[in-house]
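> what's the 3D shape of this:
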Amino acid sequence: MMSFTIILYVSFTIRRRKWEMAGGEAIDNGGDENPTVVVESREWVLSAYATVGVLTADHLKLRTRKLSLDLHLILNDHVAVVLLWVSVDPYLWERMNGQEAFYFSQFALDEVIVTIGIGRVILSRSSKLSKGDLVISNFFPFSEYSIVAA
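Below you'll find the predicted structure:
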């Protein structure tokens, strides 16, 4: 399990930075005071189950996708968050080995891995959370930026 932890931490350095400085490109949306920002978000996905031995680069892939951070496109009671911290626990391997786990189901292939994480709200369409709030979840997407239910 140590090699799995090292692979994830070495390959995916989570940077705390303002979302405006995330390499995002502002898009003119007709003079709206909340311009659309598109960021490139790196995310970890399971590409193959590790049925024997330790996880390798054959099992995990780091992919990049563009994510629009337009307040008007976020569903009600959802927020856009930037990932600050993620837990890489041994139980994750149980969800990546292709066998039925005791407590949790297997991760779906080519889907973003979820784990315990902490993020900061950068846009909110929820009365429960405001910009700047910290959020903690047991099922946080292992992605730099994401849209999640509040």
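> use CA for all of it now, contacts and neighbours both
Fine.
> walking through the protein, point out its strands one by one.
25-27, 36-46, 60-69, 78-86, 114-124, 134-141, 145-149 (DSSP state E).
> who wins for proximity to A108 among those strands?
For the strands of the chain, proximity to A108 was assessed by Cα to Cα; strand 36-46 is nearest, at 7.3 Å.
> got the buried residues for the closest one?
Using 16 or more other Cα atoms under 10 Å as the test for burial, strand 36-46 gives T36, V37, V38, V39, E40, S41, R42, E43, W44, V45, L46.
> average pLDDT for it?
Averaged over strand 36-46, pLDDT sits at 92.
> what's the angle from that strand to strand 60-69?
For strand 36-46 against strand 60-69, the angle by axes from the mean of the first three to the mean of the last three Cα atoms, to 10 degrees is 160 degrees.
> now do strand 36-46 against strand 114-124, angle only.
Between strand 36-46 and strand 114-124, the angle comes out at 180 degrees (the same axes, to 10 degrees).
> how far off centre is strand 36-46?
With Cα atoms, centre = their mean, to the nearest Å as the basis, strand 36-46 stands 8 Å off its chain's centre.
> pull it out as PDB, backbone CA atoms only.
Provided in PDB are the C-alpha atoms of strand 36-46 (Å, rounded to 0.1, in the frame of the first residue of the first chain):
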ATOM      1  CA  THR A  36     -17.500  32.300 -17.000                       C
ATOM      2  CA  VAL A  37     -14.100  30.700 -16.100                       C
ATOM      3  CA  VAL A  38     -13.000  27.500 -17.600                       C
ATOM      4  CA  VAL A  39     -10.300  25.600 -15.700                       C
ATOM      5  CA  GLU A  40      -8.300  22.500 -16.600                       C
ATOM      6  CA  SER A  41      -8.900  20.100 -13.700                       C
ATOM      7  CA  ARG A  42      -6.700  17.100 -13.200                       C
ATOM      8  CA  GLU A  43      -8.400  14.000 -11.800                       C
ATOM      9  CA  TRP A  44      -7.500  10.400 -11.000                       C
ATOM     10  CA  VAL A  45      -9.400   7.600 -12.500                       C
ATOM     11  CA  LEU A  46      -9.200   3.800 -12.200                       C
END
